[in-house]
Structure formats: C-alpha cells, structure tokens
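Chemist: What follows is a predicted structure for the sequence shown.
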Amino acid sequence: DQQVKQNSPSLSVQEGRISILNCDYTNSMFDYFLWYKKYPAEGPTFLISISSIKDKNEDGRFTVFLNKSAKHLSLHIVPSQPGDSAVYFCAASLNYGGSQGNLIFGKGTKLSVKP
Amino acid sequence: GAGVSQSPRYKVAKRGQDVALRCDPISGHVSLFWYQQALGQGPEFLTYFQNEAQLDKSGLPSDRFFAERPEGSVSTLKIQRTQQEDSAVYLCASSLGTGLWKGETQYFGPGTRLLVL
C-alpha cells in the first residue's frame, strides 16, 4: 500500500512554460516532504523540501506547495528549461515511532522539457 | 571525495551467489541509509546507521540481507544466496546529523545496479 503516490508517470512541457508535478500522500503523520531529481545512471539529487507546518517554499525557479487538508503537494518549475528533463521523486519522512528519518518515495514522474 | 560514492557501479551475479556492495559516505556524515530501487519504482528504505550503530533494519527484505558500518564511515551491504528478485539498484545516502526529521538533506550516491541471472 503506497503511502506516497505520484499518479503521472510522465509529463511533457514546452521550454519556458510552467511544469507542475503532483504528489499525494496518505499518512497524516508525515512531517517533511521533499523533491528529488534524478538523471539516468545517477543517484537522486535533493531539490527542495517543505515542512508540514508550512504551505509554500520557494527556491529560485522551484516552488513547492503543500495542502495538508488534501494530503497533496506539488512542485512548480517556472520557467522550465531543457536541463530540467529528469525523473522527479516526491518523498516524505516522519518523526515518530522510532523512525530515524528514512524517506518514503513515490514512483516518480519523468519530466521532458522540449526546446 | 565531494560526494557519496558506491562500488561496484554494476554487478552481475548468478543466482545463489553472495555479493557485497560498498558505500563511501561524505566524510563526517553521521547518518547512512541504504535503499533498494526496483525498475520503475521509487527507492525503498532498507536500513539506517547512526555512526557504527545500525538503528533500523526494518526494511531489509529477508535475513539474506546484511549491512554493516564497523568504523562509522564506509558501509557494506551484503546479500547472500542472491535471487532474481534481488535485481535492483541499491542506493546509499548519507546526511550530516542524526536524521532527516531535523530537516537535514540526504545525499545519494550513484547506486549499484545488481542483476541476478
């Protein structure tokens, strides 16, 4: 039973436009949410995170929005660039029951930004 | 080195063979995590070390999987009597302090791709 879900396996966007990647979760005890970016044959690279006590975090072209009541978060990339083409993983962590902060990942969304 | 390194990058094993996968975390990082990523899936947690102590091994799929970090730096994930379902990318990650719940980032290595024939 997946606790973190990314329902869109792929997304294609034109360069310069906005990319919106979505993520849903089921466990209301999650306290941190993160987005990782992964290129082929490389490990995931941290992109941006948000604490469960916030609803928005912005870092340059990347903004993450958290809607706790809907158990939904999204990553906005504006403007999208061809170099953003990668697989994006949504991940969550929780701090209870002895958890040491291991991440729970979604299956990923492959973003393709076309020139 | 600047980042997390893993070796070998690729490993082909015959079913029943034992394998050992190595992770060199970022120097000084206290926390070390192992994840397993099957094809088309996201990484799944296997085990966690704080220095040399293995504090969580709840994600290890069977007793054929064993991990150690004897001196609190380099870690080895060992899989005994490999099975075809063990084929996956094994990712190692490290973080500076004692857990992500304090807001720390996990830095991932490139992974070891294991193929069991």
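Modeler: Here it is on my side, so go on.
Chemist: Now do the contacts for residue 61.
Modeler: Chain wasn't specified; assuming chain A. Going by C-beta atoms under 8 Å, 6 or more residues apart in numbering or on different chains, A:Arg61 touches A:Ile77, A:Val78, A:Pro79, A:Gln81. Where C-beta positions appear, they are placed from N, C-alpha and C, glycine not excepted.
Chemist: other chain: chain B
Modeler: By C-beta under 8 Å, 6+ apart, the residues touching B:Pro61 are B:Gln36, B:Leu46.
Chemist: which stretches of chain A have low pLDDT?
Modeler: Residue ranges of chain A with pLDDT under 70: A:95-101.
Chemist: for chain B, what are the nearby residues on it?
Modeler: Within chain A, the residues that sit near chain B (C-beta under 8 Å from any C-beta of the partner chain) are A:4, A:6, A:31-32, A:34, A:36, A:41-46, A:49, A:51, A:89, A:91, A:93-95, A:98-108.
Chemist: Narrow the residues you listed to those in strands?
Modeler: Judged by DSSP state E, those include A:4, A:31-32, A:34, A:36, A:45-46, A:49, A:51, A:89, A:91, A:93-94, A:104-105 as members of strands.
Chemist: before we move on, back to that, out of the contacts of A:Arg61, who's the most crowded?
Modeler: A:Ile77 (23 neighbours; other C-beta atoms under 10 Å in any protein chain shown).
Chemist: I figured that residue hits A:Val64, correct?
Modeler: No. A:Ile77 is beyond contact range of A:Val64, at 10.3 Å (criterion: C-beta atoms under 8 Å).
Chemist: Find the centremost residue of chain B, please.
Modeler: Taking C-alpha atoms, centre = their mean, the centroid of chain B lies closest to B:Trp34, which sits 3.0 Å from it.
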